[in-house]
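**Student:** Provided below for reference: sequence and predicted model.
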Amino acid sequence: MSGKAANKAEIIVIGAGIIGITSAIELQAKGAQVTVLDKTGVAAGASQGNAGAFAFSDAAPVASPGIIRKAPKWFLDPLGPLSVPLPYAIPILPWMYRFLRASRPEQVKTGIEALTTLMTVSRNRLVSFMEETGTHNMLRQHGNLQLYENRKSFDVNMPCWHARAKRGVKFTALTDPDQIAEYQPGIDRRFVAAVATNDWYGISDPKDYTVQLGEFFKSRGGKVVIAGAVALQSGSERVSVKLEDGTELSADHIVVSAGAWSHHLAKTIGDNIPLETERGYNTTLPVGAFDLKRQLSFEEHGFVVTPLSSGIRVGGAVELGGLKLPPNYRRADALLQKAKNFLPELNTEGGRQWMGFRPSLPDSIPVIGHATKSNRITYAFGHGHLGLTQSAGTAKLVADLVMDVENDIDLTPYSPRRF
């Protein structure tokens, strides 16, 4: 799709989260007529409740030798950093098998390379994208501090940090509580080591950012349609999507960025992609709950504490529980209690709880590429807990793919065919 024909292309983007809206804007900028479909609206899912960080240095797959060593202990704790509710233990087994295979050293190395490349594209595009969309005033550069109680865990993670450093990620290793206190006062002295990444960006509030991007998209002539998509259909000249009410919408091209529901749509066109759902929990405390200088990552406990314009957000951990089980807000309570233990001056009164679905692939590398049976259907999903971080880069790659513009990078590591 190129030249005059491309400039008149009608494109449907399924999903109004951060990946979908950002991709829609990039496609719109290339002259396409874009409609965004979503069953609930802009920023109604995981994009409203994430940690609000552009974690460009966080370029290591979740599946790693360190995680595998911790996993058995974590699984035994129903409120721990990585858990599977008992009713979901059998359905998750095929995904867990792939997850274990992805933790092999050669796979981890491949994952770091793919994620670092996508992070670089995303970081390079972010500021100009925000300037173009009038959202640059929402960007924050407060840095991140990854904290370790156990020096052994710190040492185990160092090879991954050095691998990232070879790809341009800057970090500072801190090896005693006094050094840590210089970066962030008020942290319990049980934390004996940390990694500081000062280039870490944040957003004032992830929901506000995504909503503002949606308004920008509509102000440029884009349409947002509230409707649930249930199936895809390919054709030689056009492709279509069937909606929950039985009607169909057709377009020259469809982009699937429906988060944790994306693999169901991909299956209707013949692609079986092993997407699972990380159910993430958080509590947002009122502004002033703690004098937080930067985002804090408690690595051995699987959660973060983030400064936002709307308050202090305490959230994270991974519950692999699919889309249908009811939320278990005891997990949010457990994270908040840990945060209080680690930050004794934290005021935990008046918080708002939330649970959202993160779309996760076993190797932590998102799917960015055409459907197997049709180059008129493009996938952009599976970003796990890094959707905001990777949004600008993913959108650029998607727009180039759809509009048949040569990409600067090899997209093979992100191909849906890798499964």
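**Tutor:** Right, received. Where do you want to start?
**Student:** What separation do you get for residue 299 and residue 109?
**Tutor:** 20 Å (C-beta to C-beta, to the nearest Å). The C-beta positions use only the backbone N, C-alpha and C, and glycine is treated the same way.
**Student:** And those two? Which one has more around it.
**Tutor:** Looking at residue 299 and residue 109 with other C-beta atoms under 10 Å, you find the greater number of neighbours at residue 299, namely 21 against 13.
**Student:** The more buried one contacts residue 148, doesn't it?
**Tutor:** Yes: counting by C-beta atoms under 8 Å, residue 299 does reach residue 148; the two are 5.8 Å apart.
**Student:** hey, what's in contact with both of these two?
**Tutor:** Residues touching both residue 299 and residue 148 (C-beta atoms under 8 Å, 6 or more residues apart in numbering): residue 157.
**Student:** Going by secondary structure, residue 123 is in what exactly?
**Tutor:** Secondary structure assignment for residue 123, by DSSP states H and E: helix 105-133.
**Student:** which parts of that helix are buried?
**Tutor:** 107-108, 110-112, 114-123, 125-126, 129-130, 133 (16 or more other C-beta atoms under 10 Å).
**Student:** who's in contact with the next helix or strand after that helix?
**Tutor:** Next helix or strand after helix 105-133 toward the C-terminus (DSSP H and E): strand 139-140. With C-beta under 8 Å, 6+ apart as the test, strand 139-140 has contacts from 126-127, 130, 201-204, 307.
**Student:** Okay, now the sheet partners of strand 139-140, with direction.
**Tutor:** In the sheet, strand 139-140 lines up against strand 201-203 (antiparallel) (DSSP bridges).
**Student:** which residues are contacting the partner strand?
**Tutor:** 52-54, 56, 126, 138-142, 209, 295, 306-308, 388.
**Student:** That one: how far from the chain's middle?
**Tutor:** The chain centre lies 14 Å from the centre of strand 201-203; the measure is C-alpha atoms, centre = their mean, to the nearest Å.
**Student:** now could you export just the CA positions of stretch 203-218 as CSV?
**Tutor:** Coordinates of each C-alpha in stretch 203-218 appear next as CSV, following Å, rounded to 0.1, in the frame of the first residue of the first chain:
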residue,chain,number,x,y,z
ILE,A,203,4.2,10.6,32.7
SER,A,204,2.1,12.8,34.9
ASP,A,205,-0.8,10.4,34.7
PRO,A,206,-1.2,7.5,32.2
LYS,A,207,-5.0,7.8,31.9
ASP,A,208,-4.9,11.5,31.3
TYR,A,209,-2.1,11.0,28.7
THR,A,210,-4.1,8.4,26.7
VAL,A,211,-7.3,10.4,26.9
GLN,A,212,-5.6,13.5,25.7
LEU,A,213,-4.1,11.5,22.8
GLY,A,214,-7.6,10.3,22.0
GLU,A,215,-8.9,13.9,21.9
PHE,A,216,-6.0,14.8,19.6
PHE,A,217,-6.8,11.9,17.3
LYS,A,218,-10.5,13.0,17.1
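**Student:** What's the local residue count around residue 233?
**Tutor:** 16.
**Student:** rewinding a little: what about the helix holding residue 123, average pLDDT?
**Tutor:** Here helix 105-133 scores 94 as its mean pLDDT.
**Student:** In space, what's closest to residue 244 - neighbours in sequence excluded?
**Tutor:** Spatial nearest neighbour of residue 244, chain neighbours left out: residue 228 (3.9 Å); criterion: C-beta to C-beta, 6 or more residues apart in numbering.
**Student:** number of nearby residues for the one you found?
**Tutor:** When neighbours are counted by other C-beta under 10 Å, residue 228 comes out with 15.
**Student:** With residue 377 instead?
**Tutor:** Quick note: residue 377 (other C-beta under 10 Å) scores 26 neighbours.
**Student:** How about the one 5 residues further on?
**Tutor:** A total of 30 residues lie near residue 382 under the criterion other C-beta under 10 Å.
**Student:** check contacts around residue 217.
**Tutor:** 21, 24-25, 28, 34, 36, 224.
**Student:** got these as a markdown table, with secondary structure and pLDDT columns?
**Tutor:** Output for the contacts of residue 217, formatted as a markdown table (DSSP: H, G, I helix; E, B strand; the rest coil; pLDDT from 0 to 100):
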| residue | secondary structure | pLDDT |
| --- | --- | --- |
| 21 | helix | 98 |
| 24 | helix | 98 |
| 25 | helix | 98 |
| 28 | helix | 97 |
| 34 | strand | 98 |
| 36 | strand | 98 |
| 224 | strand | 98 |
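**Student:** For residue 301, see how far away residue 118 is.
**Tutor:** Residue 118 is 26 Å from residue 301, by C-beta to C-beta.
**Student:** again but with residue 268, I slipped
**Tutor:** Where residue 301 is concerned, residue 268 sits at a distance of 39 Å (C-beta to C-beta).
**Student:** If you count surrounding residues, which of those two has more?
**Tutor:** Comparing residue 268 with residue 301 by neighbour count (other C-beta under 10 Å), the higher total belongs to residue 301, at 20 against 14.
**Student:** That one: helix or strand, and which one exactly?
**Tutor:** Secondary structure (DSSP H and E) places residue 301 outside all helices and strands.
**Student:** go on, residue 339?
**Tutor:** Per DSSP H and E: helix 330-342 holds residue 339.
**Student:** what's the answer for residue 263, then?
**Tutor:** helix 262-268.
**Student:** same question, residue 211
**Tutor:** With DSSP H and E as the test, residue 211 turns up in helix 206-219.
**Student:** For residue 357, see how far away the closest residue in space to residue 279 that isn't next to it in sequence is.
**Tutor:** Closest residue in space to residue 279, ignoring its immediate chain neighbours: residue 319 at 4.2 Å, by C-beta to C-beta, 6+ apart. With distances taken as C-beta to C-beta, residue 319 is found 10 Å from residue 357.
**Student:** cool, residue 415 as well?
**Tutor:** Relative to residue 357, and taking C-beta to C-beta, residue 415 is found at 24 Å.
**Student:** what sits against residue 370?
**Tutor:** Per C-beta under 8 Å, 6+ apart, neighbours of residue 370: 377-379, 401, 416.
**Student:** do the same with residue 348
**Tutor:** With C-beta under 8 Å, 6+ apart, residue 348 has these contacts: 283, 285, 289, 336-337, 339-340.
**Student:** Report the buried residues of stretch 393-409.
**Tutor:** 393-403.
**Student:** And the contacts of that stretch?
**Tutor:** 1-2, 6, 9, 11, 19, 22-23, 25-27, 29-30, 32, 117-125, 129, 253, 255, 257, 366, 368-370, 378, 380, 383, 411, 414.
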